[in-house]
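Engineer: model this:
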Amino acid sequence: MAFESNEQAKAYWRENLRLMLSLLAVWFIVSYGCGILLVDTLNAIQLGGFKLGFWFAQQGAIYVFVALIFVYVAKMNALDQKYNVHED
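Structural biologist: This is a model prediction of the structure:
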């Protein structure tokens, strides 16, 4: 990976860290917020015969995590193209 300048490398990593922190924040909110903090409120809603709070704690956080992996891959490929450091 060769950047054209130090400023370009810093901008790339700044955007990379911003993306990673935002995706981790979403994951934290879903796993901790919906699975632990808001579980009583979400349990008032049924999803497939299960309480929604229980579903988030057992399944939902995992599904969101896998979806975030695909989002990260797509966003990083776009970022690599933007800074011309993509693999051929």
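
Engineer: and Gly53, how many neighbours?
Structural biologist: By the measure other CB atoms under 10 Å, the count of residues near Gly53 is 22. (C-beta placed from N, C-alpha, C; glycine too.)

Engineer: likewise for Leu37?
Structural biologist: A total of 12 residues lie near Leu37 under the criterion other CB under 10 Å.

Engineer: just the helices in this protein please.
Structural biologist: Secondary structure of the chain (DSSP state H): helices at 6-28, 39-42, 52-55, 61-82.

Engineer: so, low pLDDT: which residues of the chain?
Structural biologist: Applying pLDDT under 70 to the chain picks out residues 1.

Engineer: mind running it again at 90?
Structural biologist: 1-5, 30-40, 42, 47-61, 84-88 (pLDDT under 90).

Engineer: can you tell me the centre-most residue of it?
Structural biologist: Nearest to the geometric centre of the chain sits Leu23, at 2.9 Å (CA atoms, centre = their mean).

Engineer: what sits against the nearest residue to it once chain neighbours are set aside?
Structural biologist: Among residues not flanking Leu23 along the chain, Leu68 sits closest, at 4.9 Å (CB to CB, 6 or more residues apart in numbering). By CB atoms under 8 Å, 6 or more residues apart in numbering, the contact list for Leu68 reads 23, 26-27.

Engineer: so can I have TSV of those residues showing distance to Leu37?
Structural biologist: Below are the contacts of Leu68 laid out as TSV (distance: CB to CB, whole Å):
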residue	distance to Leu37
Leu23	20
Val26	15
Trp27	14
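
Engineer: wait, which of these is closest to Asn77?
Structural biologist: For the contacts of Leu68, the residue nearest Asn77 by CB to CB is Leu23; the value is 14.6 Å.
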